[in-house]
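Participant: following is a predicted model, sequence given first.
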Amino acid sequence: MQNKNKERDTAQDLSDAQSERTGDSYIRLAMRRLMGRGVRLEVASVFGDRFSKMYDLSKRTHERFELQSMNGLPFPSLAQVSEAFTREELIFARSYQQPMLVLTPPGKTDEDLFQILAERSGLGGQMGLRLSNAGPMPSFLQEEYGAFITEGSAKIIPCGDRRNSSLLRRCKKQVNNYEQGECGMRGDIYAMLAMQSLMRGDLIDKENYTVFDGEEIIGGKYVPVGHCEPHRPIREWLPAKDETRLRARFRRVIGGRFVNPEL
């Protein structure tokens, strides 16, 4: 008899504990929904409906190039992506030349993305010739989505950039002038931006090229760049004193926090 009472007490304890856990889960879920709504309102107060349109373009780009099916993870929600930026970053990004939201996919290096871009765009493409004395080229691989806002204008207008200086000096100046939250352009971000420009029907960098100031300058003298001339995506490394430096442009980039859609 005593054992049965113990069993009943134990069962009651478990039931009470389950109720408490259910209550806690409900509270956490309600708070998350409330916070998500607050974040969306915050973004809307800064960007209006532009942010949701930027998000839609990014999502359609991932679908068009079948990036989501390759990594097996669901695409982040608008609220999850919104949480990856501070209000200050969003306000600053409004000054960008045609700001675009870029989500870099997990499990894909920058080389992978350039290859996918070349194969599925119908334009062809290449990584550019690797200089024999430049050494090994770095590559980026992440396990989660990365959220960035960058300048998406097809042709960037230089602002405060002394184009007659060497690429090396210009890169150093650009990095030193980063605002809080800025991180510099990289190959994976650029490949995704090129995909989005194809979706918009306004291919980037057909006349100029973008410097990857968020990447290492190989051997202290080879600068990574990207462009779409002649009408196809190319990534290459140019000598810091290259004669075409006047065509070099910098695209500002802000963000870089990871977004896990399964959390």
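Facilitator: That came through fine.

Participant: near R50, how many other residues are there?
Facilitator: Neighbour count for R50, taken as other C-beta atoms under 10 Å: 14. From N, CA and C alone the C-beta is placed, and that goes for glycine too.

Participant: ok, it - contacts?
Facilitator: For R50, the contact set (C-beta atoms under 8 Å, 6 or more residues apart in numbering) comprises P99.

Participant: just the pLDDT at it, thanks.
Facilitator: In the prediction, the pLDDT value recorded for R50 is 91.

Participant: relative to S197, how far out is it?
Facilitator: The spacing between R50 and S197, counted by C-beta to C-beta, to the nearest Å, is 17 Å.

Participant: what's the answer for F65, then?
Facilitator: For F65 relative to S197 (C-beta to C-beta), the value is 13 Å.

Participant: same question for T104.
Facilitator: Plainly put, T104 is 16 Å away from S197 if you go by C-beta to C-beta.

Participant: those two: which has the busier surroundings?
Facilitator: Using other C-beta under 10 Å as the criterion, T104 and S197 rank with T104 on top: 24 against 21.

Participant: which residue, other than its chain neighbours, is closest to the more buried one?
Facilitator: Using C-beta to C-beta, 6 or more residues apart in numbering and skipping the chain neighbours, the partner closest in space to T104 is G146 (4.2 Å).

Participant: from what I see, that neighbour and L103 are in contact.
Facilitator: Yes: A contact is recorded between G146 and L103 when judged using C-beta atoms under 8 Å, the distance being 6.9 Å.

Participant: contact partners for A240?
Facilitator: Under the criterion of C-beta under 8 Å, 6+ apart, the contact partners of A240 comprise 166-168, 217, 220-223.

Participant: would you list every one of the strands in the protein?
Facilitator: For the chain, the strands defined by DSSP state E occupy 99-104, 145-151, 209-211, 222-227, 234-239, 248-249, 253-259.

Participant: buried ones in the second one, by neighbour count?
Facilitator: Spelled out, it's strand 145-151. The neighbour-count check on strand 145-151 (16 or more other C-beta atoms under 10 Å) flags 145-151 as buried.

Participant: same check on the last one?
Facilitator: Neighbour counts over strand 253-259 (16+ other C-beta under 10 Å) mark 253-257, 259 as buried.

Participant: make a markdown table out of those residues and add pLDDT.
Facilitator: Conversion of the buried residues of strand 253-259 to a markdown table gives the following (pLDDT from 0 to 100):
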| residue | pLDDT |
| --- | --- |
| V253 | 98 |
| I254 | 97 |
| G255 | 96 |
| G256 | 94 |
| R257 | 94 |
| V259 | 93 |
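
Participant: make JSON lines from the residues you listed and add distance to C159 to it.
Facilitator: Conversion of the buried residues of strand 253-259 to JSON lines gives the following (distance: C-beta to C-beta, whole Å):
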{"residue": "V253", "distance to C159": "15"}
{"residue": "I254", "distance to C159": "15"}
{"residue": "G255", "distance to C159": "20"}
{"residue": "G256", "distance to C159": "22"}
{"residue": "R257", "distance to C159": "26"}
{"residue": "V259", "distance to C159": "29"}
